[in-house]
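Colleague: Need coordinates for the below:
(one chain, ligands or ions: 1)
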Amino acid sequence: MNNSHPRRRFALSPEPGTPAATFVHLPGGAKTLGKEESSEGRRESTMEKLDESKFEQRLQLWALRIPRELASAVTRLLRSGYLLDKPRVKPVVEDPESDKNRLVVLSDKIQNPDLSDIEEKVYDSLKQICSIDVVPYSLTLGYSYWSAGHVAHLNIPDDLLPYKDVIAKVIYDKNYPRIQTVVNKVGTITNEFRVPQFEILAGKNNMVTEVKQYGATFKLDYGLVYWNSRLEHEHIRLVSLFKKGDVICDMFAGIGPFSIPAAQKGCIVYANDLNPDSVRYLRTNAQINKVDDYIFTYNMDARVFMQNLLEVPCSENKSDSQVAANCSSEDIDPANESSTSNGNHSDVQESCHKDINDSSMISATTKRRQESSNGGDGHCQEDASHSKKRNNKRVKGSGPPPVKPWEHFDHVIVSVVLSKRNTGPDHYLGSTVIVSSVQEAQNKLNAKISERIFHRVRDVAPNKSENWRSSSTAQPCGRNCGEGVSTATVGAGCC
Ligand SMILES: C[S@@+](CC[C@H](N)C(=O)[O-])C[C@H]1O[C@@H](n2cnc3c(N)ncnc32)[C@H](O)[C@@H]1O
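Modeller: Presented below is the predicted three-dimensional model:
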């Protein structure tokens, strides 16, 4: 199967850490935009009218024609890498031949109509669900596909840098008002928050935008937080493994692309990030998506976060009431509000504040917020708007069930870069851990990876296919032994 890809001159940076606001291909046939060349003694400008069709990418794919009532079952089965995986393109579409059917579009990795690229076990299950009817499916990703939000994010190579303003102006003029800001990534990402540096090339200096993923809305400032739209499939793939009521620990949560959909599913999420801006947007996004009752946000180093989460609170002996992760959160477990009335809540808060204040890793923002939310009396309180919102919800009788994360949680989400390089910094965790072996990963995570399930997510950068990035879930034993099982499935023991 031949997919015709226009040759890329420059594109939205595909590196992790570079937000995929807009993906821009320079037309495949275009010579250097704006460059004047000599041709047969005649100076010929290659500055041409923008031809949007040059941006089109046509994919020749395969699809399964199935009765529409089976669409959920089939997509659930094929979700682990066999479905079409393009941001903002649905893999299940109407069948032009019959409204009783649906077409389930398969990944471009499925090359053969006999589906021999699909694992036998999955194929057998598929046969049990429906009869196999494979049809060709042609998909065109047009000019407008390559954008999200109002920010067009370019990654202009050195040889085109002299023309960056011309390029930006064309993109801006041709796409306004949909595109209102054109930025170019500058340098490589070196900071621990994985936030790229940008220069504004055209439009307004406003990097705050909203993107949508699988029905959830994410507000973010591209200049302050990590975001990568291209991880959409990975976000949802991982969350699809969770069940309602699962307790999730998202150690490097960013602005919430794992935490928010997990909470939408009814999981109780302990979400942490070291970047105070990420945590701020995480909270905003929890509110926008109306799952703030299910997400407890933290702003600290992941190791401190885990230690606090696993530490049995001193109040545990005093009460059966729920407490919030040793109270090291900026937020309070909303389910805990009921415990406030019996007096145990404040006991916990005090003990936890000691933990937090002892930690040199906690950010100034966290401390500031703690001080202000404490009202100076050592008792945690929610800010008024949050509290009000939760009160509204509580009246409706919704809210998460009680949890004790130090006893049990179901999944830990860790973002890890696996790389053959061994020179990377390892003083912080998350996407920035560079490991060259499973053993090294175990050492760094202080967790035993007994069942290894590697899932290729995407290349770190073009031409860097030896580096790959994986999100995995790990299940701690819940007995504070410090061991865990890094796997996409749960249940294995460790002690
Ligand atoms: C690659 S991003 C992943 C964010 C999010 N999971 C996502 O998929 O968008 C890694 C995140 O880890 C955070 N981070 C880096 N070092 C950290 C540490 N020591 N403790 C907690 N978070 C950290 C960064 O601020 C960043 O948001």
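
Colleague: Mind pulling the model confidence for whichever residue of the stretch 51-200 of the chain sits closest to the ligand?
Modeller: The minimum distance from the stretch 51-200 of the chain to the ligand, using CB to the nearest ligand atom, falls at residue 193 (3.8 Å). Any C-beta I mention is one placed from the backbone N, CA and C, and that applies to glycine too. As predicted, residue 193 sits at a pLDDT of 81.

Colleague: my guess is it contacts residue 276, does it?
Modeller: No: contact criterion CB atoms under 8 Å: residue 193 and residue 276 do not qualify, at 9.4 Å.

Colleague: picking that back up, quick one: the residue of the stretch 51-200 of the chain closest to the ligand is in a helix?
Modeller: No: judged by DSSP: H, G, I helix; E, B strand; the rest coil, residue 193 forms no part of a helix; its state is coil.

Colleague: buried set for the longest strand along the chain?
Modeller: When the chain is parsed with DSSP state E, its longest strand is strand 57-67. Buried residues in strand 57-67, counted by 16 or more other CB atoms under 10 Å: 57, 59, 61-66.

Colleague: Now tabulate those residues in CSV and tack on distance to the ligand and pLDDT.
Modeller: What follows is the buried residues of strand 57-67, written out as CSV (distance: CB to the nearest ligand atom, whole Å; pLDDT from 0 to 100):
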residue, distance to the ligand, pLDDT
57, 25, 74
59, 25, 84
61, 27, 91
62, 30, 93
63, 29, 94
64, 30, 95
65, 34, 95
66, 32, 95
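
Colleague: What spatial separation is found between the residue of the stretch 51-200 of the chain closest to the ligand and residue 260?
Modeller: To residue 260, residue 193 is 19 Å away according to CB to CB, to the nearest Å.

Colleague: Repeat that for residue 244.
Modeller: Residue 244 is 15 Å from residue 260, by CB to CB.

Colleague: residues touching the nearest residue to residue 62 once chain neighbours are set aside, list them.
Modeller: In space, and not counting its chain neighbours, residue 62 is closest to residue 106: 4.9 Å by CB to CB, 6 or more residues apart in numbering. The contact partners of residue 106, taken as CB atoms under 8 Å, 6 or more residues apart in numbering, are 61-64, 78, 82-84, 91, 137.

Colleague: hmm, try it at 7 Å
Modeller: Counting by CB atoms under 7 Å, 6 or more residues apart in numbering, residue 106 touches 61-64, 82-84.

Colleague: Closest one of those residues to residue 184?
Modeller: Of all these, the one with the least separation from residue 184 (CB to CB) is residue 84, at 30.2 Å.

Colleague: right, and that closest one touches residue 109 too?
Modeller: No: using CB atoms under 7 Å, residue 84 makes no contact with residue 109, being 9.9 Å away.

Colleague: Look at these two and report which has more neighbours.
Modeller: The residue with more neighbours, out of residue 84 and residue 109, is residue 84; 24 against 12, by other CB atoms under 10 Å.

Colleague: so who does that one touch?
Modeller: Contacts for residue 84 (CB under 7 Å, 6+ apart) come out as 61, 91, 105-107.

Colleague: Flag every residue of the stretch 251-400 of the chain that's near the ligand.
Modeller: 252-254, 257-258, 272-275, 278, 301-302 (CB under 6 Å from any ligand atom).

Colleague: Arrange those residues in JSON lines, one row each, with pLDDT and neighbour count as further columns.
Modeller: Conversion of those to JSON lines gives the following (pLDDT from 0 to 100; neighbours: other CB atoms under 10 Å):
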{"residue": "252", "pLDDT": "90", "neighbour count": "26"}
{"residue": "253", "pLDDT": "94", "neighbour count": "29"}
{"residue": "254", "pLDDT": "94", "neighbour count": "28"}
{"residue": "257", "pLDDT": "94", "neighbour count": "29"}
{"residue": "258", "pLDDT": "93", "neighbour count": "27"}
{"residue": "272", "pLDDT": "95", "neighbour count": "29"}
{"residue": "273", "pLDDT": "94", "neighbour count": "31"}
{"residue": "274", "pLDDT": "92", "neighbour count": "24"}
{"residue": "275", "pLDDT": "94", "neighbour count": "25"}
{"residue": "278", "pLDDT": "96", "neighbour count": "28"}
{"residue": "301", "pLDDT": "90", "neighbour count": "23"}
{"residue": "302", "pLDDT": "87", "neighbour count": "23"}
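
Colleague: Poorly predicted segments of the stretch 1-150 of the chain, please.
Modeller: Along the stretch 1-150 of the chain, the model assigns pLDDT under 70 to residues 1-56, 87-88, 142-149.

Colleague: all helices for it, in order.
Modeller: For the stretch 1-150 of the chain, the helices defined by DSSP state H, counting those that start in this stretch cover 71-78, 120-129.

Colleague: Tell me the predicted confidence for residue 282.
Modeller: Value listed for residue 282 in the pLDDT field: 98.

Colleague: cool, and the one 3 residues further on?
Modeller: According to the per-residue confidence, residue 285 scores 97 in pLDDT.

Colleague: Can you list the buried residues in the strand or helix carrying it?
Modeller: Here residue 285 is covered by helix 276-288, with elements defined by DSSP states H and E. Neighbour-count burial for helix 276-288 flags 276-286, 288 (criterion: 16+ other CB under 10 Å).

Colleague: Confirm for me that residue 276 is in contact with residue 300.
Modeller: No: between residue 276 and residue 300 there is no contact under CB under 7 Å: 10.0 Å.

Colleague: re the thing from before, which two in the contacts of residue 84 are spaced the farthest apart?
Modeller: Taking CB to CB, no two of the contacts of residue 84 sit farther apart than 61 and 91, at 9.9 Å.

Colleague: Overlap in contacts, those two.
Modeller: Counting by CB under 7 Å, 6+ apart, the contacts common to residue 61 and residue 91 are 84, 105.

Colleague: For the stretch 201-350 of the chain, which residues score under the pLDDT cut-off?
Modeller: In the stretch 201-350 of the chain (pLDDT under 70), the answer is 314-350.

Colleague: what ranges do the helices span in it?
Modeller: Per DSSP H, counting those that start in this stretch, the stretch 201-350 of the chain carries helices over the ranges 232-239, 259-264, 276-288, 302-310, 337-340, 344-358.

Colleague: hang on, the earlier thing: buried deepest among the helices of the stretch 1-150 of the chain, which one?
Modeller: Each of those was scored by mean neighbour count; the highest is helix 71-78, a mean of 17, by mean count of other CB atoms under 10 Å.

Colleague: neighbouring contacts of that helix?
Modeller: With contact meaning CB under 7 Å, 6+ apart, helix 71-78 is reached by 64, 66, 83, 91-92, 102, 104, 122, 125-126, 129-130.

Colleague: would you put the C-alpha positions of that helix in PDB?
Modeller: This file holds the C-alpha atoms of helix 71-78, laid out as PDB (Å, rounded to 0.1, in the frame of the first residue of the first chain):
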ATOM      1  CA  ALA A  71     -18.700  -0.700  16.600                       C
ATOM      2  CA  SER A  72     -17.900  -0.400  20.300                       C
ATOM      3  CA  ALA A  73     -16.900  -4.000  20.800                       C
ATOM      4  CA  VAL A  74     -14.700  -3.900  17.700                       C
ATOM      5  CA  THR A  75     -13.000  -0.700  18.500                       C
ATOM      6  CA  ARG A  76     -12.300  -1.900  22.100                       C
ATOM      7  CA  LEU A  77     -10.700  -4.900  20.700                       C
ATOM      8  CA  LEU A  78      -8.600  -3.100  18.100                       C
END
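
Colleague: Contacts only, for residue 118.
Modeller: 82, 110.
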